[in-house]
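Participant: for reference, the sequence and a predicted model appear below.
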Amino acid sequence: MNRSIKMTAVALSMAALLLGACGKSKGSGTPTASSTAVQKDATIAAEVPAAIASKGTLNVATDASYAPDEFFDTDNKTIIGMDIDLMNAIAAVMGLKTTYTNQTFKGIIPSLQAGRFDLSISSFTDNTDREKVVDFVDYFQAGASIFVKSDSTDKFTSLDQLCGKAVSVEKGTTELDDANAGSAKCVKDRKAKITVLSFDDQIQTNLAVISGRAVASLADSQVAAYQVKLTNGQVKVTGDYLAPAPYGIAIPRPAGATPGSGPLTKAIFDALQKLITDGTYKRILDKWGTGAGALAAAKINGAG
C-alpha cells in the first residue's frame, strides 16, 4: 500500500513495530481449514446453492487489518481473528471449507456485487444503505470509540470535542462517515472543522496517532480496545462516542432481488443460529475477549 506521507525514521520504526504484530502481504488469499470441532448439519448443508456445494469452498473477502476481528498472524500470511473463527465454524456446519482474500475495506462490497467473492466477513456495520445492495446476517454488535496516543492528556468522549483537531479513520468505514458528519456539525456550530485523515487500513490509521499526525482516531469499540495491545500500549481508549450497532456477514444477492433473498443468506443464518444455540458462538467470542458484543439470536438485515 502507498502511504500518503513521507515517513521519518521515527515513523518508520513505529510502522515496523505495528507491521511486525499485524503484517500485510499484497493480494493474499490464504486458505484456512474449516473448524474440525464443528459437525456438518445435513439439513443446513442442503440449503447451500449447488454451485457452491459442488466446489466445497466459500471464497471470503476480508480486510485483515482490524484486530481482533480479522488480522494477519505473525507469519504475515495466515488470517486469524474472531470473525475468521466464526466464519470457519459457520462453513463447517454447511459442510464447506473457507478461503480468505485480503481486500481494502472500501472495495469489498463492490467486489461482492461483481461476483468476485461468495461473501464477506469484515466487521461490517449493518446499515440500511448497505442493505440496499447486499444482505446481512447479523452476528455481533459494537459501539464506536475514540483512542489517542498513550501519553496524551485528552479525554475525548464525543465528536464535538474533536472540532479543530486532526482525526484518523479507515476508508470505507462508518467511522469515516461519523468523522465527516462531526466535522460538518463543528462548522455549523461555528467551530473549526475536524481535519479528517483517511487511510486504507487500520495499521496506517494507528500510525497517524502514534506519529502525532492525528490527535485521535475512531474505531469500533472492541477494535479500539485491541489496538492498545497491538501497539504495545502506544495508544489508549478515552471513551465511546456511539452506542452499539449490529455487525453483519455481507452476502451478495442478484440486482433487484428482494432483501433477504440472497442465495446463501438462509444457509448462513441457520448455521449461525445453530452455533449460537449449541454454545460454539459464545466460546469463539470469549476466546477473543469480545463476549460483550454477543447477540442473543441471529438476524437478517437487522438495521431496518
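Facilitator: Sure thing, it's come through.
Participant: longest strand anywhere in this structure?
Facilitator: Looking across the chain with DSSP state E, the single longest strand is strand 235-252.
Participant: distance between it and the chain's centre?
Facilitator: The chain centroid and the centroid of strand 235-252 are separated by 9 Å, computed with C-alpha atoms, centre = their mean, to the nearest Å.
Participant: average pLDDT across that strand?
Facilitator: Averaging pLDDT along strand 235-252 gives 96.
Participant: secondary structure class for the residue sitting furthest away from the middle of the chain?
Facilitator: For the chain, the largest distance from the centre (C-alpha atoms, centre = their mean) belongs to Arg190, which lies 33.9 Å off. Secondary structure, DSSP: H, G, I helix; E, B strand; the rest coil: Arg190 is coil.
Participant: swap in Ser145?
Facilitator: Taking three-state DSSP as the rule, one finds Ser145 in the strand state.
Participant: contacts only, for it.
Facilitator: 218-221, 224-225, 237-241 (C-beta atoms under 8 Å, 6 or more residues apart in numbering). C-betas here are computed from N, CA, C, even on glycine.
Participant: from Val187, how far off is it?
Facilitator: Distance of Ser145 to Val187, computed by C-beta to C-beta, to the nearest Å: 24 Å.
Participant: can you give me the strands for the stretch 101-250 of the chain?
Facilitator: Counting by DSSP state E, counting those that start in this stretch, one finds strands in the stretch 101-250 of the chain at the ranges 119-120, 134-149, 166-170, 195-199, 216-220, 235-252.
Participant: of all those strands, which one comes closest to Leu159?
Facilitator: With respect to Leu159, and counting by C-beta to C-beta, the nearest of the strands of the stretch 101-250 of the chain is strand 235-252 at 5.6 Å.
Participant: whichever helix or strand comes after the closest one relative to strand 235-252, how many degrees between them?
Facilitator: Using DSSP states H and E, the helix or strand that follows strand 235-252 in sequence is helix 265-278. Comparing the axes of helix 265-278 and strand 235-252 via axes from the mean of the first three to the mean of the last three C-alpha atoms, to 10 degrees yields an angle of 130 degrees.
Participant: let's see helix 265-278 as PDB, backbone CA atoms only.
Facilitator: In PDB, the C-alpha atoms belonging to helix 265-278 read as follows (Å, rounded to 0.1, in the frame of the first residue of the first chain):
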ATOM      1  CA  THR A 265     -28.500 -15.900   3.200                       C
ATOM      2  CA  LYS A 266     -30.700 -18.600   4.700                       C
ATOM      3  CA  ALA A 267     -28.000 -21.200   5.000                       C
ATOM      4  CA  ILE A 268     -25.600 -18.700   6.700                       C
ATOM      5  CA  PHE A 269     -28.400 -17.500   9.000                       C
ATOM      6  CA  ASP A 270     -29.400 -21.100  10.000                       C
ATOM      7  CA  ALA A 271     -25.700 -22.100  10.500                       C
ATOM      8  CA  LEU A 272     -25.100 -19.100  12.700                       C
ATOM      9  CA  GLN A 273     -28.200 -19.700  14.800                       C
ATOM     10  CA  LYS A 274     -27.200 -23.300  15.300                       C
ATOM     11  CA  LEU A 275     -23.800 -22.100  16.700                       C
ATOM     12  CA  ILE A 276     -25.500 -19.700  19.000                       C
ATOM     13  CA  THR A 277     -27.800 -22.400  20.300                       C
ATOM     14  CA  ASP A 278     -25.100 -25.000  20.900                       C
END
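Participant: does the residue nearest to Asp201 when sequence neighbours are not counted have beta-bridge partners, and which?
Facilitator: Distance criterion C-beta to C-beta, 6 or more residues apart in numbering; nearest residue to Asp201, sequence neighbours excluded, is Ser65 at 3.6 Å. In this structure, Ser65 bridges to Phe71 when assessed by DSSP bridges.
Participant: just checking, Ser65 touches Ile203?
Facilitator: Yes. Here Ser65 reaches Ile203: they are 5.3 Å apart, a contact under C-beta atoms under 8 Å.
Participant: looking at those two, which is more packed in?
Facilitator: Shown here are Ser65 and Ile203; by other C-beta atoms under 10 Å, Ser65 has more neighbours (28 against 25).
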